[in-house]
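Q: Provided below are the primary sequence and the corresponding predicted coordinates.
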Amino acid sequence: MTIKPLIILPDPLLRQVSKPVERVDERVRAFAGDMLETMYDAPGIGLAAIQVGEPIRMLVIDLAKEGETPEPHVFINPEIVQSAEERSVYEEGCLSIPDYYAEVERPASVRVTYLDRDGKPQEMNAEGLMATCLQHEIDHLDGVLFIDHISRLKRDIVLRKFKKLARDKPSGRLAG
């Protein structure tokens, strides 16, 4: 497995809409392993393929805390098919927007359909942190960042900061 470099704001790739995975094969499974290794190394609890430069509809999540047994989840072509009217607020961060956190309000629970690592259709009812993480990562697949859910003023401040950082690093991409 390989740790991939993370795509960092303001890289325009983060605004790209990802394409569905056509076929779940050994290459896709190996890439899922690379994504998990990259996420653990960062460290993070979720990672979308676009965050490592692959515009495909795939994400990984592991909510296990340090010292707990890892519980990796791979979601291929995930789709939110139902969202609760009840809302919850979590402080979110993003591996592609390092060291910035903000409270974001989202549906408290969601139902998601997806393919697993074997290409088998699955459905998950998620609530709490898993629901928030799924929504955050699926947003990435649609070119949406968590800062799009905060006030325009706060978002503009974050964007200016990361554009300035990108000018100081010509590629705008940092290794994970």
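A: Structure's in. What do you need?
Q: quick one: the helices in the protein?
A: Applying DSSP state H to the chain gives helices spanning 26-41, 128-141, 152-168.
Q: ok, for the residue nearest the centre of the chain, nearest residue in space, not its chain neighbours?
A: Centroid-nearest residue in the chain: residue 137, 3.2 Å away (criterion: Cα atoms, centre = their mean). If the residues on either side of it in the chain are set aside, residue 137 comes closest to residue 59, at 4.1 Å by Cβ to Cβ, 6 or more residues apart in numbering. Any C-beta I mention is one placed from the backbone N, CA and C, and that applies to glycine too.
Q: relative to residue 14, which of the helices of the chain is closest?
A: Counting by Cβ to Cβ, residue 14 lies closest to helix 128-141 out of the helices of the chain; the figure is 7.4 Å.
Q: what sits up against the closest one?
A: Helix 128-141 is contacted by residues 14, 17-18, 45-51, 57, 59, 61, 63, 75, 78-80, 88, 90, 92, 94, 96, 104, 106-110, 112, 124, 126, 145-146, 148 when judged by Cβ atoms under 8 Å, 6 or more residues apart in numbering.
Q: and with 6 Å instead?
A: Helix 128-141 is contacted from outside by 18, 45-46, 48, 50, 57, 59, 61, 63, 78, 90, 92, 106, 109-110, 112, 126, 146, using Cβ atoms under 6 Å, 6 or more residues apart in numbering.
Q: next one: stretch 150-167
A: With Cβ under 6 Å, 6+ apart as the test, stretch 150-167 has contacts from 9-10, 100, 102, 147, 172.
Q: same thing with stretch 65-79?
A: Residues contacting stretch 65-79 (Cβ under 6 Å, 6+ apart): 20-21, 24, 32, 36, 57-62, 64, 112-115, 117, 138.
Q: and the nearest residue to residue 102 once chain neighbours are set aside, how far from residue 12?
A: Spatially, and ignoring its direct neighbours in sequence, residue 102 is nearest to residue 150 (4.9 Å; Cβ to Cβ, 6+ apart). Residue 150 sits 20 Å away from residue 12, taking Cβ to Cβ, to the nearest Å as the criterion.
Q: just residue 28 next, same as before
A: Using Cβ to Cβ, residue 28 is found at 25 Å from residue 12.
Q: neighbour count winner among these two?
A: Neighbours per residue (other Cβ atoms under 10 Å) separate residue 28 from residue 12, with residue 28 holding more: 19 against 10.
Q: quick one on the thing from earlier: just the buried ones from the contacts of stretch 65-79?
A: 21, 24, 32, 36, 57-62, 112, 114-115, 117, 138 (16 or more other Cβ atoms under 10 Å).
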